[in-house]
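**Q** Here is my input; please provide its structure:
(one chain, ligands or ions: 1)
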Amino acid sequence: MYRILLDKLYEDLKIKDNTEISSDLKTYADYGDKVDVTYLEKLREEKQEMKTKIVAKVLEKMKTKNSLIFTDGSVSQDGKVGAAVLIYPLAFSCSQSPPINLSFRIPDGLPIYFAEAFAILKALKYIIQHRSGFEDSVLITDSSKVLLDIKNKNIDKSSHPCIITQIINQIIEIDNITLMWLPGHTNGITQIKLVDKIAKLAAINQEIQQIEYSQSEVVCLIEDLIWKRWTKEWESDITCSYQEMYGLEKGGYQYENRRRREETILNRIRLLQTKLNSGLQKIGLHKDGRCDTCNLRQDLEHFVFECVETLEMREEIKAAWKGNDSICLKEICSKKVYQDIMIKFVLKNSISI
Ligand SMILES: [Zn+2]
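**A** Below is the predicted model:
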């Protein structure tokens, strides 16, 4: 039974090969000086313009004798993931040949950390495969997290230890290589811009590259799968007004720092579970759910938009309204400026909400 469930899960996750990957570090040799993070510190305080100038200089210096490799990862807003490698081999640098580029779309739901590491691993494997022209290589990445984990052999604390281990195992196979951090957002550096673009395009490729999975990657994929199913269910089966009003929010709704009393009011309003008469009626505490003044159904919409008793609050919201469209309840319940007006009104008039 368990086997069947597991196989079904692998099928849903599109994992074809679930063999364990080897994640043993091959050696304890010191490779630390092959990883150069000096610019991480040096450029920290620099202004954008200066950063770009310095990066351009660094690259210019390397051009004459090194083969250059740029790597980048990208995660789109809807969770699609790409990785790219842009290679300028030594042998080609004189002939001005166009660079070689490798791009991969990897499974949805993997984080940017993995994408960046994946690009580095692919680049290193390429160098090992085509040694000539890569006698003296510099690999450039903008992922400080990945690079620091590699440099510090940070296997225990890395969120994807297997791929970091694999990278380290490749580095020690290559004699003359430097992995260097340079900033990613440097407008005007052609190669960095280009590798970023290739990674972004890779994320929308049709074909998804199979990767070697360890537990850390499978966990990401399962979380993504659960999220997608949950979203689908949420959108296809709307059974209450809360669902109708709000979309799913990844990571949940973040409250500002508020007093306890304010938080309670806000929670009731946001969850559409108030003690207004329609809410009381639901639990049998009010005869018809109508507003005592207006004789209309007293729900949150009535309270905000119609009730004669709340005119003052409504005027204040209107005056503060910044949206282009007509005033909507979701916005009023979600943004601090309108929440403040409602809370103030409720407290001032001792309304039981
Ligand atoms: Zn009313």
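**Q** C-terminal to the helix or strand of the chain with the lowest mean pLDDT, what's the next element?
**A** Lowest by mean pLDDT, DSSP states H and E among the helices and strands of the chain is helix 90-93, with a mean of 61. For helix 90-93, the following helix or strand on the C-terminal side (DSSP states H and E) is strand 100-106.
**Q** What are the buried residues along that following strand?
**A** 102-106 (16 or more other Cβ atoms under 10 Å). Heads up, the C-betas are built off the backbone N, CA and C, glycines and all.
**Q** same deal with stretch 171-185?
**A** Result for stretch 171-185 [16+ other Cβ under 10 Å]: buried residues 171-172, 174, 177-184.
**Q** And stretch 227-243, what's buried?
**A** Applying 16+ other Cβ under 10 Å to stretch 227-243 flags no residue as buried.
**Q** For this protein, which residues are neighbours of the ion?
**A** 291, 293-294, 307 (Cβ under 5 Å from the ion).
**Q** Show me which of the residues you listed are buried.
**A** Buried among those by 16+ other Cβ under 10 Å: 291, 307.
**Q** Adding pLDDT and secondary structure, write the residues of the chain next to the ion out as JSON lines.
**A** Formatted as JSON lines, the residues of the chain next to the ion follow (pLDDT from 0 to 100; DSSP: H, G, I helix; E, B strand; the rest coil):
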{"residue": "Cys291", "pLDDT": "95", "secondary structure": "coil"}
{"residue": "Thr293", "pLDDT": "94", "secondary structure": "coil"}
{"residue": "Cys294", "pLDDT": "95", "secondary structure": "coil"}
{"residue": "Cys307", "pLDDT": "95", "secondary structure": "coil"}
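**Q** Just give me the closest of the residues of the chain next to the ion to Gly188.
**A** Of all the residues of the chain next to the ion, Gly188 sits closest to Cys307, with 57.5 Å by Cβ to Cβ.
**Q** Check whether that closest one really touches Arg290, as I assumed.
**A** No. Using Cβ atoms under 8 Å as the test, Cys307 is too far from Arg290 to be in contact (11.2 Å).
**Q** okay, and the common contacts of those two?
**A** 296, 298 (Cβ atoms under 8 Å, 6 or more residues apart in numbering).
**Q** Sort out for me which of the buried residues of stretch 171-185 are in strands.
**A** 177-181 (DSSP state E).
**Q** Assign a three-state SS to Val138, would you?
**A** Taking DSSP: H, G, I helix; E, B strand; the rest coil as the rule, one finds Val138 in the strand state.
**Q** Correct me if wrong: it contacts Ile174.
**A** No. The pair formed by Val138 and Ile174 falls short of the contact definition of Cβ under 8 Å, at 11.6 Å.
**Q** what distance separates the lengthiest helix in the chain from the centre of its chain?
**A** Of all the segments assigned as helix in the chain under DSSP state H, the longest by residue count is helix 215-236. Its chain's C-alpha centre lies 14 Å from the corresponding centre of helix 215-236 when counted by Cα atoms, centre = their mean, to the nearest Å.
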